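>>> sequence unavailable; structure follows:
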């Protein structure tokens, strides 16, 4: 019996744009992901299209990520970043003349950056359009997300915020891709029943859940997580397969921890002289990742061995074979019990492939190419394709859930970040009051109302409480939440007083410039 593999890569980054600085450290989050994940993923997908492989996957491009990828300022800065990486790799080839093994690695970096620069040029610097073209030929299903990746269950008590997050995302998807989205990645796979009426209003057909969100559905699904259910409102809910997740994500069992793979943390940005590196660092005043890494994981020790590309690719090939054989065994065991081909949903953060796990995209490419040689066993398709082929499913109401630690919402609401929620709740009520108050605003008032909606949605992003909980960049996260709420409150005061400061408004529009078609009335 055959089975269905549904790969879902979730590509998202918070909106970070600082035109007031020539180089800003947190903007490097975008540039690193573009160099290490988004452009290489485009290369892989174009290879599948060139070779006409019978496989397609699903990709979330979150609205904030699309906004940054299409921004001319960030595009210019990324072009300079690529040029800088090519120059740094060239300097490294010269610096390591007496270290042949290291020089070969520097040369590999130089060649890789040069090819990415050519792909960036060939794509007219528009990755949203490039991925959209692959969707048009059926290689890819692109799905949307909440507008600013807000944790929707924390907005459930304020329906206008749910509507604004979901409908703004749907409208922005239409602007980017010229069509309506069919599926949505609920941020953090976080589900509560209150989101469903708005998903239905947006015309969405399916969403993904963490395993227990489906296993604890009412009534309990007869096929477990190995087929979607239809909710009482007619939306399809797919549950994550924990077995395939464990092989990739697990700290102890996961493939990315293999000692042959490239070490993420060992980077020349922390190893070499600061003055030598300074022109190429993400921030001119701080050390940071350059992307040039010469060492492999080696093991749980500070001493790292040099990276060996051939050994790493052999590991990726072995892991791809192991992953496929595990799925074949899973399908053989499940099929007779279920009485139908099992459907395995496999969602991952896109940035795992290439960025965190350098060889992850080679793993994915090898896996897909091997599976395509035996299409009768495992069929790679998208959730939308699956629903077209299998339109009839059990009706069940999913349970509240997320894929965060402990399975619910405490990552985004705990002692490190719970101060945010009361401020958000007050601003949400004020935004709805503004949306009802201004029936026929003049041009300046309309701009202020729309900017207030942007600032509120940016403050609602799940990224900031997550960063505060993880303590990775807590000062920046705290600053971002505070700034967006202060801007919102300032706009609210001006609108209520009947006097909008045009210059101040223009500055905020220029800095927080995403969602050109946002409409404040969604907050009614």
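In hand now; what should we look at? Because the structure is a prediction, the values reported are computed rather than measured.
>>> now the strands for the chain?
For the chain, the strands defined by DSSP state E cover 3-11, 57-61, 140-145, 183-185, 206-209, 229-230, 236-239, 343-349, 378-380.
>>> tabulate those (CSV), appending distance to residue 155 and mean pLDDT.
Where you see a C-beta, it was placed from the backbone N, CA and C, and this is true even at glycine. Below are the strands of the chain laid out as CSV (distance: least, Cβ to Cβ, whole Å; pLDDT from 0 to 100):
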stretch, distance to residue 155, mean pLDDT
strand 3-11, 19, 97
strand 57-61, 19, 98
strand 140-145, 14, 98
strand 183-185, 15, 98
strand 206-209, 16, 97
strand 229-230, 24, 98
strand 236-239, 19, 98
strand 343-349, 22, 97
strand 378-380, 34, 94
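>>> which among these is found nearest to residue 303?
Set against residue 303 and scored by Cβ to Cβ, these come closest in strand 343-349, at 29.4 Å.
>>> got the contact list for that closest one?
3-10, 12, 185, 189, 208, 225-228, 238-241, 244-245, 248-249, 327, 330-331, 383, 386, 390, 403 (Cβ atoms under 8 Å, 6 or more residues apart in numbering).
>>> rerun at 6 Å
By Cβ atoms under 6 Å, 6 or more residues apart in numbering, the residues outside strand 343-349 that reach it are 4-10, 208, 226-227, 238, 240-241, 244.
>>> same question for stretch 360-379.
In contact with stretch 360-379 (Cβ under 6 Å, 6+ apart) are residues 2-5, 40, 44, 53-55, 316-317, 319-320, 323-324, 327-328, 352-354, 380.
>>> which among these end up buried?
Applying 16 or more other Cβ atoms under 10 Å to the contacts of stretch 360-379, the neighbour count classes 3-5, 40, 44, 53, 55, 316-317, 319-320, 323-324, 327-328, 352-354, 380 as buried.
>>> in stretch 39-46, which residues are buried?
Going by neighbour count (16+ other Cβ under 10 Å), the buried part of stretch 39-46 is 39, 40, 41, 42, 44, 45, 46.
>>> and of the residues you listed, the nearest to residue 102?
Distances from residue 102 to those, taken as Cβ to Cβ, are shortest for residue 40 (22.6 Å).
>>> next up, the contacts around the closest one.
354, 361.
>>> now with 10 Å?
34, 112, 115-116, 119, 353-355, 358, 360-362, 365 (Cβ atoms under 10 Å, 6 or more residues apart in numbering).
>>> I'd like these as CSV, with distance to residue 278 and pLDDT appended.
Formatted as CSV, those follow (distance: Cβ to Cβ, whole Å; pLDDT from 0 to 100):
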residue, distance to residue 278, pLDDT
34, 22, 98
112, 23, 98
115, 26, 98
116, 23, 98
119, 28, 98
353, 31, 97
354, 26, 97
355, 24, 97
358, 25, 97
360, 30, 97
361, 30, 98
362, 32, 98
365, 36, 98
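>>> and which of these is nearest residue 260?
Distance to residue 260 across those (Cβ to Cβ) is lowest for residue 358, with 11.0 Å.
>>> what about the closest one, how many residues close to it?
22 (other Cβ atoms under 10 Å).
>>> which residue packs closest to it, ignoring adjacent ones?
With sequence-adjacent residues excluded and distances taken as Cβ to Cβ, 6 or more residues apart in numbering, residue 358 is closest to residue 262, at 4.1 Å.
>>> right, and the one you found touches residue 109 too?
No. Using Cβ atoms under 10 Å, residue 262 is not in contact with residue 109; the gap is 11.0 Å.
>>> so what's in contact with these two at the same time?
Counting by Cβ under 10 Å, 6+ apart, the residues touching both residue 262 and residue 109 are 293, 294.
>>> what's the spacing between residue 214 and residue 401?
Relative to residue 401, residue 214 is positioned 8 Å away (Cβ to Cβ, to the nearest Å).
>>> cool, residue 299 as well?
36 Å.
>>> now residue 294
From residue 294 over to residue 401 the distance is 42 Å, taken as Cβ to Cβ.
>>> then residue 39?
Residue 39 is 34 Å from residue 401, by Cβ to Cβ.
>>> same thing with residue 30?
With Cβ to Cβ as the criterion, residue 30 and residue 401 are 30 Å apart.
>>> and these two? Which one has more around it.
Using other Cβ under 10 Å as the criterion, residue 30 and residue 401 rank with residue 401 on top: 26 against 23.
>>> next up, the contacts around the residue nearest to that one when sequence neighbours are not counted.
Spatial nearest neighbour of residue 401, excluding adjacent residues (Cβ to Cβ, 6+ apart): residue 213 at 3.3 Å. Taking Cβ under 10 Å, 6+ apart as the criterion, residue 213 is in contact with 186, 189-192, 207, 225, 237-240, 398-403, 407.
>>> how much space between residue 392 and residue 215?
Applying Cβ to Cβ to residue 392 and residue 215 gives a distance of 21 Å.
>>> right, I'll call it a day here.
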